[in-house]
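Trainee: make a model of this:
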Amino acid sequence: STLTVYGLVGIIRLLAGTYALIITGRKFAGMYHGSSVFQITSMKFLPCNSALSLSSPQEKKDEAHFVSLLKTVEKTSGLYFSYETDLTLSAQRAYNLASVRKAQPLWKQADPRFLWNNHLLEELIECKVEPYILPVIQGSFQTIQVSLRETVIHITLISRRCNRRLGTRMWRRGANLEGHVANFVETEQIIETGGFSASYVQVRGSIPLLWEQIVDLSYKPSPSVIDSEDTPKVIERHFHDLVQIYGSILVIDLVNQEGSEGALSVAFKTAMQQLKNDNLRYVPFDFHGICGHIHFACLSILYDQIAEDMGHHGYFLVSSAGEKLREQAGVARTNCIDCLDRTNVTQSLLGQKILEAQLQQINVFKKQETILLHSSFDNEYKMLWANHGDGISIQYSGTPALKGDYVRYGRWTILGFVRDAFNALARYYLNNFQDGVRQDAMDLVLGYYTVSRHKPSPFQLNGFEACAYLPLASALIVAGITLTTLSLNQVAQDAYQFLHSVIWAGFTAGITAAVKANGRQFCSRPRLCKLY
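Mentor: So this is what the prediction gives:
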């Protein structure tokens, strides 16, 4: 059989051999700076050599486990590439660095933060096989084309996921000691019309403190702030890096100011007040407290608070002659607890406001004209952001975004409520029983865990963890409840059955208490790397 290969993503070494990750399926996603962009639809790891026969029995077991992680990597969603242009740099940064980048290959042009296969390319770069080095990003790439009064407008929405603290929803929270945060995504909205090209960049990322929210079988584990003397340095490093790259930072904090998120909100607010940096402005906005779960139009309250900052930040604008007319001087950094649902609703509003300002400046819109006056344009634009939000959410949580109806239709619907409920339950299952493996797969392919024969096996279980098998515990609980019920039903015929029912009830309660007390041990947990 023949196999069509569209690109080599990279190479990884395990205990018993080397594996090459190839692209076996792709689809055209759109045009970017005049070049084709493709989404990866299928990938495959191919073994290049094998020394399995020389391995010990434990090494053979570990190799099989590592290979199973590679199978998980093959299913990674939201990967994009281009043979001709760099996808990692925003339009403004690419414009400003144009003279430096001209003679460089694509991988040297790339921003290493957003190069998903950075680690996988290391051997190819070392061997200097330039024609086979293909930069890949993870995120989202969406395009639409609309016609408005005989004017054609191309809109591209591209998101770039940072690889420095990449992970799953519950196993990668907050910041690490270097100040890199989980679920950090740079989103750029680009419009092209009448020869003009304009872009606007905004970012999202987890609250830059040391905190965790470990799964323990409960529906919503409480977030816990880690009390550490390193916290001030962590948050300072995070915002220092952002200011160096983007300029002024508007920090929009959407977490609940009460309830389980309250302590996190207070800790973040306190840390921001202690930062002495004129390039930062912190704006707390209790999204659920003000907007509830359906009144998202109340976001206008937030926009009124930040409109002046948005004006100062501006956007990037280039004329048909290639002349830079405006430059973006800062970004909005939005976060909620997951940096998914509330964040996406808010970012779509900011994107809309900037889009309207851009179209007004280049005379496509009249002054005060908005997208809402053009229903077809408005609908397509909302779908663009909704699809983008779903893609980013799937990569972090495993499910499409919640609150997607408001982004899509500007209102809450019954079908949307049912869909959100289903996705919330799916997140619970994935976070508790699947994401530990997904996290290990990410840590392996990103190079955060180095495979070595000289290390102890990371997959050996000890103590209670070795026998903490939830299906067995569940079966014992169901059996205990069943036997208790049967014994109670027979009490009238045999008084001794009451004693039996008490014994079975005690057994059931004991198993249930053990599962509840050791909930973390029953969940899927990453084995390769520590949380920080």
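Trainee: residues contacting the helix or strand of the chain with the lowest mean pLDDT, please?
Mentor: The helix or strand of the chain with the lowest confidence, counting by mean pLDDT, DSSP states H and E, is helix 404-409 at a mean of 75. Outside helix 404-409, the residues within contact range by CB atoms under 8 Å, 6 or more residues apart in numbering are 294, 296, 341, 344-345, 348, 382-383, 385-386, 389-390, 401, 411-413, 415-416, 419-420. For every residue, glycine as well, the C-beta is placed using N, CA and C.
Trainee: just the buried residues of these.
Mentor: Buried by 16 or more other CB atoms under 10 Å: 296, 341, 344-345, 348, 382, 385-386, 389-390, 401, 412, 416, 419-420, out of these.
Trainee: so which strand or helix has L217?
Mentor: Assessed by DSSP states H and E, L217 sits outside every helix and strand.
Trainee: again but with V418, I slipped
Mentor: Secondary structure assignment for V418, by DSSP H and E: helix 414-433.
Trainee: what's the longest strand in the chain?
Mentor: Longest strand of the chain, by residue count under DSSP state E: strand 18-32.
Trainee: return the set of buried residues in the following helix or strand past that one.
Mentor: Proceeding N to C from strand 18-32, the next assigned helix or strand is strand 35-47, under DSSP H and E. Residues of strand 35-47 classed as buried: 37-40, 43-45 (neighbour count, 16+ other CB under 10 Å).
Trainee: before we move on, what about stretch 239-252?
Mentor: Buried, per 16+ other CB under 10 Å, within stretch 239-252: 239, 242-243, 245-252.
Trainee: with stretch 480-496 instead?
Mentor: By neighbour count with 16+ other CB under 10 Å, stretch 480-496 contains the buried residues 480, 483-484, 487-488.
Trainee: need the helices for the stretch 151-300 of the chain, in chain order.
Mentor: With DSSP state H, counting those that start in this stretch as the criterion, the stretch 151-300 of the chain has helices at 231-246, 262-274, 287-291, 299-313.
Trainee: quick one: contacts for Y448?
Mentor: 442, 528-529.
Trainee: which of these sits closest to L325?
Mentor: M442 (40.6 Å; CB to CB).
Trainee: and that closest one, how far from L528?
Mentor: M442 sits 9 Å away from L528, going by CB to CB, to the nearest Å.
Trainee: and these two? Which one has more around it.
Mentor: M442 (27 against 19; other CB atoms under 10 Å).
Trainee: number of residues surrounding C529?
Mentor: Neighbours of C529 (other CB under 10 Å): 18.
Trainee: how about it, nearest residue that isn't a chain neighbour?
Mentor: Distances taken as CB to CB, 6 or more residues apart in numbering place D443 nearest to C529, at 4.6 Å, with adjacent residues excluded.
Trainee: quick one: that neighbour and R527 touch, right?
Mentor: No - here D443 does not reach R527: they are 9.2 Å apart, not a contact under CB atoms under 8 Å.
Trainee: more neighbours: the two, which one.
Mentor: Neighbour totals were compared for D443 and R527, and D443 leads with 21 against 18 (other CB under 10 Å).
Trainee: so where does the more buried one fall, helix or strand?
Mentor: helix 435-445.
Trainee: can you tell me what sits against that helix?
Mentor: For helix 435-445, the external contacting residues (CB under 8 Å, 6+ apart) are 12, 66, 68-70, 72-73, 119-120, 166-172, 215, 398, 448-449, 451, 523-529.
Trainee: same check, this time on stretch 99-108
Mentor: Contacts of stretch 99-108 (CB under 8 Å, 6+ apart): 82, 85-86, 94, 109, 115, 121, 125, 130, 133-135.
Trainee: what subset of these is buried?
Mentor: Buried among the contacts of stretch 99-108 (16+ other CB under 10 Å): 82, 85-86, 94, 109, 115, 121, 133-135.
Trainee: any idea how far T76 lies from Y448?
Mentor: Separation of T76 from Y448 (CB to CB): 15 Å.
Trainee: what's the answer for C298, then?
Mentor: With CB to CB as the criterion, C298 and Y448 are 40 Å apart.
Trainee: so what pairs up with W211 in the strands?
Mentor: V225 (DSSP bridges).
Trainee: average pLDDT for whichever strand or helix holds L359?
Mentor: Per DSSP H and E, L359 falls inside helix 341-361. In this model, helix 341-361 has an average pLDDT of 95.
Trainee: which strands and helices lie in contact with it?
Mentor: strand 151-161, strand 185-193, strand 196-204, helix 287-291, helix 299-313, strand 330-335, helix 375-397, helix 404-409 (3 or more CB pairs under 8 Å, 6 or more residues apart in numbering; DSSP states H and E).
Trainee: restricted to strands, list the contacts of helix 435-445.
Mentor: I12.
Trainee: of the contacts of helix 435-445, keep whichever come out buried.
Mentor: Among those, those buried by neighbour count (16+ other CB under 10 Å) are 12, 66, 69-70, 72-73, 119-120, 166-172, 215, 398, 448-449, 451, 523-529.
Trainee: what stretches of the stretch 351-500 of the chain score poorly on pLDDT?
Mentor: The model of the stretch 351-500 of the chain has pLDDT under 70 over residues 462-470, 472.
Trainee: swap in 80 and give it another go.
Mentor: 403-407, 409-413, 461-477, 491-497 (pLDDT under 80).
Trainee: from the rest of the structure, what touches whichever strand or helix holds W504?
Mentor: Taking DSSP H and E as the definition, one finds W504 inside helix 496-517. Residues from elsewhere that reach helix 496-517 (CB under 8 Å, 6+ apart): 217, 470, 473, 476-477, 480-481, 483-484, 487-488, 490-491, 522.
Trainee: okay, buried residues for that helix please.
Mentor: In helix 496-517, counting by 16+ other CB under 10 Å, buried: 497, 500-501, 504-505, 507-508, 511, 514-515.
Trainee: equivalent analysis for stretch 89-101, please.
Mentor: Of all the residues in stretch 89-101, those buried under the rule 16+ other CB under 10 Å are 89-95, 101.
Trainee: out of those, which is nearest to Q202?
Mentor: Closest to Q202, out of all of the buried residues of stretch 89-101 and judged by CB to CB, is S90, at 10.6 Å.
Trainee: is it true that the closest one touches Y200?
Mentor: No - contact criterion CB under 8 Å: S90 and Y200 do not qualify, at 9.4 Å.
Trainee: find the residues that touch each one of the two.
Mentor: Common neighbours of S90 and Y200 (CB under 8 Å, 6+ apart) are 188, 316.
Trainee: so where's the stretch 101-250 of the chain uncertain?
Mentor: 101-103.
Trainee: would you list the buried residues of stretch 239-252 in CSV and tack on distance to S140?
Mentor: Converted to CSV, the buried residues of stretch 239-252 look like this (distance: CB to CB, whole Å):
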residue, distance to S140
F239, 25
L242, 21
V243, 26
I245, 20
Y246, 20
G247, 24
S248, 25
I249, 22
L250, 22
V251, 23
I252, 20
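Trainee: ok, those residues vs F365, which is closest?
Mentor: For the buried residues of stretch 239-252, the nearest to F365 is L250 (24.1 Å; CB to CB).
Trainee: that closest one and N335 touch, don't they?
Mentor: No - applying CB under 8 Å as the test, L250 and N335 come out as separate, 11.7 Å apart.
Trainee: distance of R333 from R160?
Mentor: According to CB to CB, R333 stands 15 Å off from R160.
Trainee: of the two, who's got more company?
Mentor: Neighbours per residue (other CB under 10 Å) separate R333 from R160, with R160 holding more: 27 against 24.
Trainee: burial count for the nearest residue to the more buried one once chain neighbours are set aside?
Mentor: With CB to CB, 6+ apart as the criterion, R160 has its nearest non-adjacent residue at 3.9 Å, and that residue is F114. For F114, the neighbour count with other CB under 10 Å is 25.
Trainee: can you check K61 too?
Mentor: Around K61 there are 14 residues (other CB under 10 Å).
Trainee: wait, it touches F459, no?
Mentor: Yes - using CB under 8 Å, K61 is in contact with F459, at 7.3 Å.
Trainee: now stretch 394-409: buried residues?
Mentor: By neighbour count on 16+ other CB under 10 Å, the buried set for stretch 394-409 is 394-408.
Trainee: from those, which is closest to L210?
Mentor: Y396 (19.2 Å).
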